[in-house]
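[1] here you go, sequence then predicted model.
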Amino acid sequence: MDYQTLRKQIIEKDFSNMNDRQFEAVTTVNGPLLILAGAGSGKTTVLINRIAYLVRYGNAYQSIEVPYYTEADLAAGQDYLDGKTDTPPQDGFSVRPPKPWEILAITFTNKAAGELRERIDRKLGEGGADLWAGTFHSVCGRILRRYADRVGFSSHFTIYDTDDQRRLMKQIMKDADVDEKMLPHRSVLSAISSAKDSLISPQELMQMAGSNPRQKMIAELYRIYVRRLQEADAMDFDDMIVYTVKLLRENDDVREYYANRFRYVMVDEYQDTNHAQYVLIGLLAGGGNLCVVGDDDQSIYRFRGATIENILHFEEDYPGAKIIRLEQNYRSTANILNAANAVIKNNIGRKGKTLWTESGDGDKIAVYNAADEKEEAKHIADDILEQVGKGGTFSQHAVLYRMNAQSAALENVFARSGITYKVIGGFRFFERKEIKDILAYLNVVNNHQDGIRLRRIINEPKRGIGETTVNRAAQVAEQNGISLFEIFSRADEFALLSRAAAKLQTFCQTIDALSDLIEDVSLSELVEQVLEQTGYRAALQAENTEEAKDRLENVMEFVSTVKHYEEENEEPTLSGFLEEISLVSDTDSLDENDDAVVMMTVHAAKGLEFDRVYLVGWEEGIFPGNQSIYGGPEELEEERRLAYVAITRAKKHLSISHAATRMLFGQTGRNLPSRFLKEIPPELCEENKVRFSSTVIPVTESKKREFSSGFGTFSSVKQPSAPAVAYTAGQTVEHKTFGVGMIVKATPMSSDTMLEIAFEKVGTKKLMANFAKLKVLS
DNA sequence: TATCGTAGTGTTTTT
DNA sequence: CACTACGATA
């Protein structure tokens, strides 16, 4: 057997766990490639294998005649990248396989990037850490830290979040005397954001505005906003993309450096890229070895500028592009998959594909009509407890809703039922007031120009520096083109500020002293010093209320976050830390090691999968939401894609529910079942599997008529009853399958007792006493 | 200047 | 409902 055939065989064996399509996707590495990957088609594995393939074999499989790489080639490649020679690798293709640091993988979350690195490490033994993997924002951050000066920022520029943007815009509009009633800052910001997503400059927006006064005003505010951000040495999320594009467009050397460095570029979730990101990808993937992975049916971020056109026009944008479709689903049962297919086929604007699976039908989809949102929650809680009682875990369950506000009703019931749960998204740790305060301090210490953060903390804790003082100082700063901080520190020079001058200058000295510490002291020590020197901790301690105690605890928690960061990073820096926490996404914090039911929005669930999924609030006006019902067919199609994403999260069991009446935002409304529910063929569903609810739900006459087919007619309600045997912590028991164990915790619930038992062989499990059929040994 | 109270307001989805 | 923003008062 000749060498090449042998080699081919080795590769085929190495990736023998891939199906034919997947194998093709893994080994097609040269030139543009679009992988249309349906939900659950194993695209993550494909991506990982593709990188592993590249690093191990280069382009060997396709261009078998290219000689096996030699030491000399390696050296040549190294030299090339070090800029010692201008000769690119021959034919534009690599002769030697690329190194991990020559591969760029853009993922949707930081967590996905981390997993990618880890799994590359596991597969190749090493090298994962060198891989450039991250979200658009973190990759841009990394590039910008290095070249920010080329676009007018310093290397430790600040990142403004939505709240900072809001504050800044409110200030700008106040300065410009714009009436918020006519033009809310919210709409200005969203207009600016979509302009940035499309790479439209303030000048261009002004031109586009023509004579429309409202549009002209927005463009003018945009111009000021951009300037103010630059003065503050700050970027918002959109800026990170915009300025990276600007950097690469205007600096040939930088563009060439990255385009040459990244010989292979991969972009996941391509359907959710916006125009700016699209341009960025084009600039980075100068070499043409671009592979994008996406699913037009899962495009759910139109509201933040994502355009499905990017995926629909990929072939035109990159001539000669190859398209590979992955349509075999390995995640869900046939019933779940068919339901998803049935729903999405009602959309018109799509590439069109039908997922199939070899797995069996599985459970039917449980459809449940609840009286109201409380009953809906109870039903789910009962179902989860039943599963856990049978030996299941909490963490295999997920509840998905359309908006964060819907979590409250579920949390209430879950907490009372003794269900361990975790809410992803909503109010985040880093959005708490006390945390934002400390972050503001750190940001100001890091960057004195940061006026927005400075305003936040100048009188927190109270220093007797009021709004009037700050506004006066801001005016002086604006007139002289000096930063607010500098005015504060030179307060004695201005008559207007004489009254507060001493206080202002003391404050500035404290900040300056803290800034001096950055070089000499560890990050956590710096944070300690900030808490100490600024009097923030002392002020909280002095308050002596429950709330202050709570906040103090959160502050401590924050300090341990800092310590954690220090341990995780080889060279921890203040700006690095601040950037990292600005860019964490909600799902990054998801840890599948703790056993808890996961609750989150459908958006947040993208890319995740669970054995048992509960979709709540499938009602007209909720899902699809009113906005989309009245917002035109495009909006509705996006909503349907969202439904498709929701359904395809489930592996084994899917439950969809809707409530006849729902209390939301303080009002009780009646909603009809969602149209998406009607799009699922009835034969796949099992309607209203009536169960014994643990509590009496009062049903009024009028309501009874509404859903007589369902809950209303079933009036038999099981009374809460104590379990046959009373269990207490400390008892030793025997379970049929788990063996002998000791009860660690016994939590009485409405009609049963939840037991936490430490088994000798299988570890700690949570069981329901009535289900577990335990034998008491002692 | 700080605090308290009330009125008003807005609520998709997120890096 | 829950939060914020603003205005009146101490």
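    Cool, the structure landed.
[2] low pLDDT regions in chain A?
    Scanning chain A for pLDDT under 70 picks out A:1-7, A:58-96, A:689-727, A:735-738, A:745, A:747-754, A:756, A:759, A:761-775, A:778.
[3] and the closest residue to DNA strand C within it, what does it touch?
    The nearest approach of chain A to DNA strand C comes at A:Gly666, 3.0 Å away (C-beta to the nearest atom of the strand). All C-beta atoms are positioned from the backbone trio N, CA, C, and that covers glycine. Shown here is A:Gly666, which makes no contacts under the criterion C-beta atoms under 8 Å, 6 or more residues apart in numbering.
[4] what parts of the stretch 51-200 of chain A come near DNA strand C?
    A:Glu180 (C-beta under 7 Å from any atom of the strand).
[5] just the strands in the stretch 51-200 of chain A please.
    Per DSSP state E, counting those that start in this stretch, the stretch 51-200 of chain A carries strands over the ranges A:103-106, A:132-134, A:158-160.
[6] now render the ones you listed as JSON lines, adding mean neighbour count.
    Below are these laid out as JSON lines (neighbours: other C-beta atoms under 10 Å):
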{"stretch": "strand A:103-106", "mean neighbour count": "25"}
{"stretch": "strand A:132-134", "mean neighbour count": "24"}
{"stretch": "strand A:158-160", "mean neighbour count": "23"}
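[7] what's stretch A:228-235 in contact with?
    The contact list for stretch A:228-235, computed with C-beta under 8 Å, 6+ apart, reads A:144, A:152-154, A:156-160, A:164, A:168, A:172, A:236, A:239, A:243, A:447, A:449-452, A:483.
[8] that one spans what distance, first to last residue?
    With C-alpha to C-alpha, to the nearest Å as the measure, the ends of stretch A:228-235 fall 10 Å from one another.
[9] distance from that stretch to the middle of the chain?
    Offset of stretch A:228-235 from its chain centre (C-alpha atoms, centre = their mean, to the nearest Å): 25 Å.
[10] tell me if it is near DNA strand B.
    No: in this structure, stretch A:228-235 remains apart from DNA strand B according to C-beta under 7 Å from any atom of the strand; the gap is never smaller than 11.5 Å.
[11] how close does A:Pro633 sit to A:Asn274?
    21 Å (C-beta to C-beta, to the nearest Å).
[12] which parts of chain A sit against DNA strand C?
    A:180, A:408, A:665-666.
[13] which of these count as buried?
    Buried members of the residues of chain A next to DNA strand C, counted by 16 or more other C-beta atoms under 10 Å: none.
[14] pick out the most distant pair among those.
    The largest distance within the residues of chain A next to DNA strand C, taken as C-beta to C-beta, falls between A:Glu180 and A:Ala408 and amounts to 29.2 Å.
[15] report how many residues lie close to the closest residue to A:Leu672 other than its chain neighbours.
    Counting by C-beta to C-beta, 6 or more residues apart in numbering, the nearest residue to A:Leu672 once its immediate chain neighbours are dropped is A:Glu620, at 4.7 Å. Applying the criterion other C-beta atoms under 10 Å, we find 18 residues in the vicinity of A:Glu620.
[16] likewise for A:Ile348?
    The local packing of A:Ile348 (other C-beta under 10 Å) involves 8 other residues.
[17] the residue lying closest to it once chain neighbours are set aside: neighbouring residues, count only.
    Nearest-residue entry for A:Ile348: A:Glu637, 7.2 Å, with adjacent residues in sequence omitted and distances by C-beta to C-beta, 6+ apart. Each residue near A:Glu637 was counted by other C-beta under 10 Å, and the total is 21.
[18] how about A:Glu637, what does it touch?
    Taking C-beta under 8 Å, 6+ apart as the criterion, A:Glu637 is in contact with A:347-349.
[19] and it, what element?
    Secondary-structure element containing A:Glu637, defined by DSSP states H and E: helix A:633-647.
[20] quick check: the residue nearest to A:Leu672 touching A:Phe676?
    No: in terms of C-beta atoms under 8 Å, A:Glu620 does not count as a neighbour of A:Phe676; the distance is 9.6 Å.
[21] circling back to that earlier point, any idea how far the residue of chain A closest to DNA strand C is from DNA strand B?
    When C-beta to the nearest atom of the strand, to the nearest Å is the yardstick, A:Gly666 and DNA strand B sit 6 Å from each other.
[22] and if you look at A:Leu517?
    Between A:Leu517 and DNA strand B the distance, using C-beta to the nearest atom of the strand, works out to 27 Å.
[23] good, wrapping up.
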